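In: next one to model:
(chains A and B)
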Amino acid sequence: MAQTIHIEPVTRIEGHAKIAVHLDDAGQVIDAKFHVVEFRGFEKFCVGRTFPEMPGITMRICGICPVSHMLASAKACDVIQGPRVPVTAQKLRRLINHAQYTQSHALSFFHLSAPDLILGMESDPATRNVIGLILANPELGRKAIRLRQFGQDIIRMVTGKSVHPAWATPGGVRTCLLPSQIDEIKARLPEAFDTTEIALNWLKDNYSKFDREVETYGDFPSLFIGLVTPDGGLEHYDGLLRVMDADGRILEKGLANDRWTEIIAEAVEPWSYLKFPYYKPLGYGNGNGNVPGLYRVGPIARLNICDYAGTPRAERELRNFRRLGKDGKPVTSSFHAHYARLIEIMFSLERIQELVNDVNICDTHIRSQGGVNELRGVGVMEAPRGTLFHEYHVDETGILTGVNLLVATGNNNLAMNKTITQIAKAYMSGAKITEGLCNRVEHGIRLYDPCLSCSTHAVGQMPMQIQVFDAEGKLVDSKVRD
Amino acid sequence: MILIIAYGNSLRRDDGAGLILGELLEEALHGRGLDVSRIAVHQLTPELALSVAADDVATVVFVDTRVAGAGESQHELQICPLSSDQGLSSLGHHVGASSIMIYARLLYDKSPPAWLLTVPGVDFDHGEGLSELAQRALDSLPALLHQLPPEWPQIPNG
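Out: This is a model prediction of the structure:
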């Protein structure tokens, strides 16, 4: 009898979701689906507002990466307004974006994923958590907290707030950086580098423990999409869209941001509120689950598509990372996202170091003025989780008539489903759900560090519920995991 | 110093009620001449343990919205003591207030008395207003403080 197993919700990710594993009559896994059960209503909510409000509104989509939404929104508004953003304002935007990468990737690696990596995927769930990690290595725990705090404090210093800073604005930013703040950032950089180096060394020293995870946690060919600099470098804030296939062929070398809808389309499935974006030229397929246009965004994609990193330490790690690809091809296992995140923390710290040593970083010309000069504005960013698109349409008075947001988690929707299917097939036999399987499936989702519906935290705090249904939809087993 | 940590999303109606309650509590405690500091965040994150572990923090009050259950008869503000010794398994989920306290205890050897003050919420849709239920509960803060010992929250919570 065919069965459906529901795992709900995925813990330690931002939001609320459930996972259903479908078995065939023989009890073998045939498919797995990642259901997103909350609807995002921000797009409709924003229509009718004035466009300069958007950076302040859209940052409240997320409690972990508000900076990405604020900056993508500001970039879309820059286009509508017209005049060029002052150079120092662009540097300050880059500074807080790198700070956000530091804190966001640190949360993902140290606080959400490290318990599984260090304590074991199938270790006792009572101790396989961040406290278990702290008890095993309290100094690393303290360093991890200080690394996150470092990123948050830079954002707070520059913007005045660490969460929801209404700081970026059409045409620039609201406040400049002070010399005393530069001194503080410089003083704290060495420890941040040290912590990242420790984590990198630990991960590389322990890679051999995860051979099977590398093969089964989302190792499949796909396209990779992200931003690169005009000459192909690693880029987080601005740049051109590049698309690469699993063999390393460049399908789009450098597409202008405002042409993004020429290459990305979104499919809808009845079982999820989250749409399923795909690379339009290769299509969505015939509905049998094999999507030719499936792509991934995020740390692995960014490191695959770029020609170089552009900073010394990150460049060294990038060369090492590329050895993980088979036969010189792109890295295809999503398990390597952990390594990619640490490389991007290093890259961000190096960029922060460059920016605070920039002689013009304290300039006070940080905002240009303008009105409504374009009726359509597109802002594309690399959020820590992947490429983020904001597209706004306004009337002549600047009132929003249309808003289209494609968030990083949405971009990875197809890949997340394929990843959990692969994990379930590898580790599940029969209808019995083990604690280890639950955690492996969750870990597969967390590799993408998804941010689903973190706009409300109160409704996301639930125990995990696992349900087994038969082919007729009858509940045959249920388990609550506190 | 009394540290208030209020959290929620002010664009998701009742989800932001905890942020408002945090402001009201700060005003009330200031009115009593107490030394109060308030942090307002979208959601709790691990580094808040550093704020909790600061030497001048004598007491911590976390302020949040709770989802009013269908069977819940008391739709009022609720205060409960918060321990840094609670079960570890809950830490597998979102970072909660007790998790922050456990971080502070294990990493920095600090365990100030801590409380969780919650306002009931029923409407988490997009928007800035509050439900009648949440607003009524917020209005009851002076009465609640009147019922508590005058020295609250600076009393042992064990």
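In: tell me the residue of chain B that sits nearest chain A?
Out: Across chain B, no residue is closer to chain A than B:H42, which sits at 3.2 Å (C-beta to the nearest C-beta). Where C-beta positions appear, they are placed from N, C-alpha and C, glycine not excepted.
In: what's the neighbour count on that residue?
Out: B:H42 has 26 neighbouring residues, counting by other C-beta atoms under 10 Å in any protein chain shown.
In: surely it touches B:G8?
Out: Yes - if you go by C-beta atoms under 8 Å, B:H42 and B:G8 touch, sitting 7.3 Å apart.
In: can you list the weak-confidence ranges in the chain?
Out: No chain specified, so I'll use chain A. The model of chain A has pLDDT under 70 over residues A:1-18, A:35-41, A:63, A:125-130, A:161-165, A:452-482.
In: you looked at the wrong chain, it should be chain B
Out: Applying pLDDT under 70 to chain B flags residues B:70-73, B:84-94, B:158.
In: mind listing the strands for it?
Out: Along chain B, counting by DSSP state E, strands occupy B:2-7, B:36-41, B:59-67, B:78-82, B:114-121.
In: picking that back up, what values do phi and psi take at the residue of chain B closest to chain A?
Out: phi -70, psi -50 (degrees, to the nearest 10).
In: how close does it get to B:E151?
Out: Noted for B:H42: a distance of 31 Å to B:E151, by C-beta to C-beta, to the nearest Å.
In: ok, now which ones touch the closest residue in space to B:D14 that isn't next to it in sequence?
Out: Sequence neighbours aside, B:G121 is the residue nearest to B:D14 in space, at 3.0 Å (criterion: C-beta to C-beta, 6 or more residues apart in numbering or on different chains). B:G121 sits next to A:458, B:13-15, B:17, B:65-68, B:131, B:133-134 when contact means C-beta atoms under 8 Å, 6 or more residues apart in numbering or on different chains.
In: quickly find the element holding the closest residue in space to B:L50 that isn't next to it in sequence.
Out: Once flanking residues are discounted, B:L50 sits nearest to A:Q149: 6.0 Å by C-beta to C-beta, 6+ apart. According to DSSP states H and E, A:Q149 maps onto helix A:138-159.
In: next secondary structure after the stretch of helix or strand A:D116 belongs to?
Out: Applying DSSP H and E as the criterion places A:D116 in helix A:114-119. Next in sequence after helix A:114-119, counting helices and strands by DSSP H and E, comes helix A:130-136.
In: who does the helix ranked longest in chain B touch, helix- and strand-wise?
Out: Counting residues, the longest helix in chain B under DSSP state H turns out to be helix B:17-31. Judged by 3 or more C-beta pairs under 8 Å, 6 or more residues apart in numbering or on different chains; DSSP states H and E, helix B:17-31 is in contact with strand B:2-7, strand B:36-41, strand B:59-67, strand B:114-121, helix B:132-139, helix B:141-147.
In: who's in contact with the first one?
Out: Contacts to strand B:2-7, defined as C-beta under 8 Å, 6+ apart, come from residues A:457, B:18-19, B:21-23, B:25-26, B:29, B:34-44, B:48, B:51-52, B:54, B:57-64, B:97, B:100, B:112, B:153-154.
In: show me what the helix holding A:D116 is packed up against.
Out: Right, helix A:114-119 is packed against helix A:130-136 by 3+ C-beta pairs under 8 Å, 6+ apart.
In: buried residues in the helix it packs on?
Out: When neighbours are counted by 16 or more other C-beta atoms under 10 Å in any protein chain shown, the buried residues of helix A:130-136 are found to be A:130-134.
In: quick one: list the elements packing against that helix.
Out: If contacts are counted by 3+ C-beta pairs under 8 Å, 6+ apart, helix A:130-136 sits against helix A:114-119, helix A:138-159, helix B:97-108.
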